[in-house]
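[1] Please work out how this folds:
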Amino acid sequence: MDLLDRDGLTESEFLDQYRVGDFERPSVATDMIIFTVTDAEADSYRKLPEKELRMLLIRRGGHPFLGKWALPGGFARPDETTEQAAARELCEETGVEDVYLEQLYTFSDVGRDPRTWVISCSYMALINSDQVQLQAGDDAADAAWFKVSYRLLRERKELIENGYIKTLEYELKLSCEEEELTAIVDRTVTAKATSTSTAYSIVSNDGLAFDHAKIIACAIERLRGKVNYTDIALHLMPQLFTLTELQQVYEVILDKELLKAAFRRKVADLVTETDHYTENAGHRPSRLYRRNLEEY
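    Numbers count the residues shown, from 1 in each chain. Model (predicted):
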């Protein structure tokens, strides 16, 4: 027996008369934060090259924010999930697939897109830079890798009833050749006896489209947080690597130096040594490791 609602309708009868236009519907986009790690130029062939954390941006080729730099992405199609849309956009922009991809956050602030009501389901991807072949999409004039800097400027704390509000002000700096984009982003933590919430807000912005400075800040915080308790950094490495190279990647993500002995204890279960060694590196050969694919 079919259940009847308060109007005496079965589910099929209700769906037959349902008018989708009675409710305003948002457009759903996927914005991609694509991280990679590259080598900076070394001063000497005997010196290991420094690592740089980079992210992909595209220069918008149309309105709104014409000529501004933005995260790659696009609107989800009716026949795909947001994750499928993100994977498609990633492949279209970089030529890679089957890489680390995770949902970051859903951004739904009113007015975040001047065109219409747009909700962004953002995704973070980590790729090995050796795999990438850049190709700007239809709505992009250019695509480039930008070096990432994200540093704490100041911190303030305010006591409230049953808790506190802590605001951390960060400077986001993205640089590529002679171009530099900057933004100041606040990360505000409100802690009460029964709840804790975190919010991001853009204080100032020079060169980035939409609310993408906030999305980038959120992604960097996520990446730094997960580096401390998962093997996420291994997704930025080539198939074979030295422990020194891996430590450099950790350091460039966390923006701090790590003690060699403590680091190697930390990653001991995350990697497996191989019988291969570095060649033609200008210094004594180092053993190569690979990611430990077994559950740790």
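[2] Show me which helix runs longest in this structure.
    The single longest helix within the chain, with elements called by DSSP state H, is helix 212-227.
[3] Off-centre distance for it?
    Its chain's C-alpha centre lies 6 Å from the corresponding centre of helix 212-227 when counted by Cα atoms, centre = their mean, to the nearest Å.
[4] Which SSE is immediately downstream of that helix?
    helix 243-254 (DSSP states H and E).
[5] helices or strands up against the longest helix of the chain?
    Judged by 3 or more Cβ pairs under 8 Å, 6 or more residues apart in numbering; DSSP states H and E, helix 212-227 is in contact with strand 27-39, strand 100-107, strand 118-126, strand 140-160, strand 163-176, strand 179-192, strand 196-206, helix 243-254. Quick note: C-beta positions are derived from backbone N, CA and C, even for glycine.
[6] need these in JSON lines with mean pLDDT, distance to Glu294 and mean neighbour count, can you?
    JSON lines is the format used below for the helices and strands packed on helix 212-227 (pLDDT from 0 to 100; distance: least, Cβ to Cβ, whole Å; neighbours: other Cβ atoms under 10 Å):
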{"stretch": "strand 27-39", "mean pLDDT": "94", "distance to Glu294": "24", "mean neighbour count": "21"}
{"stretch": "strand 100-107", "mean pLDDT": "96", "distance to Glu294": "17", "mean neighbour count": "16"}
{"stretch": "strand 118-126", "mean pLDDT": "97", "distance to Glu294": "20", "mean neighbour count": "22"}
{"stretch": "strand 140-160", "mean pLDDT": "92", "distance to Glu294": "31", "mean neighbour count": "14"}
{"stretch": "strand 163-176", "mean pLDDT": "97", "distance to Glu294": "37", "mean neighbour count": "17"}
{"stretch": "strand 179-192", "mean pLDDT": "97", "distance to Glu294": "35", "mean neighbour count": "17"}
{"stretch": "strand 196-206", "mean pLDDT": "97", "distance to Glu294": "34", "mean neighbour count": "13"}
{"stretch": "helix 243-254", "mean pLDDT": "96", "distance to Glu294": "18", "mean neighbour count": "19"}
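[7] could I get those as TSV with distance to Ala87?
    Formatted as TSV, the helices and strands packed on helix 212-227 follow (distance: least, Cβ to Cβ, whole Å):
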stretch	distance to Ala87
strand 27-39	9
strand 100-107	6
strand 118-126	8
strand 140-160	18
strand 163-176	24
strand 179-192	26
strand 196-206	25
helix 243-254	23
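[8] if we can go back for a sec, tell me which residues in the longest helix of the chain are buried?
    212-223, 227 (16 or more other Cβ atoms under 10 Å).
[9] nearest to Ser149, of the residues you listed?
    Of all those, Ile220 has the smallest distance to Ser149: 9.7 Å, by Cβ to Cβ.
[10] List the residues that contact that closest one.
    For Ile220, the contacting residues are Val148, Tyr150, Leu172, by Cβ atoms under 8 Å, 6 or more residues apart in numbering.
[11] The residue lying closest to the first one once chain neighbours are set aside sits in which helix or strand?
    In other words, Val148. Closest residue in space to Val148, ignoring its immediate chain neighbours: Leu53 at 4.7 Å, by Cβ to Cβ, 6 or more residues apart in numbering. When elements are assigned from DSSP H and E, Leu53 belongs to strand 51-60.
[12] If you count contacts, what does the helix or strand just after that strand end up packed against?
    Per DSSP H and E, the first helix or strand lying C-terminal to strand 51-60 is strand 69-70. The helices and strands touching strand 69-70, judged by 3+ Cβ pairs under 8 Å, 6+ apart, are strand 51-60.
[13] ok, and the closest non-adjacent residue to Cys91?
    Closest residue to Cys91 apart from its sequence neighbours, by Cβ to Cβ, 6+ apart: Glu97 at 4.7 Å.
[14] before we move on, back to that, so the longest helix of the chain versus strand 118-126, what angle?
    40 degrees (axes from the mean of the first three to the mean of the last three Cα atoms, to 10 degrees).
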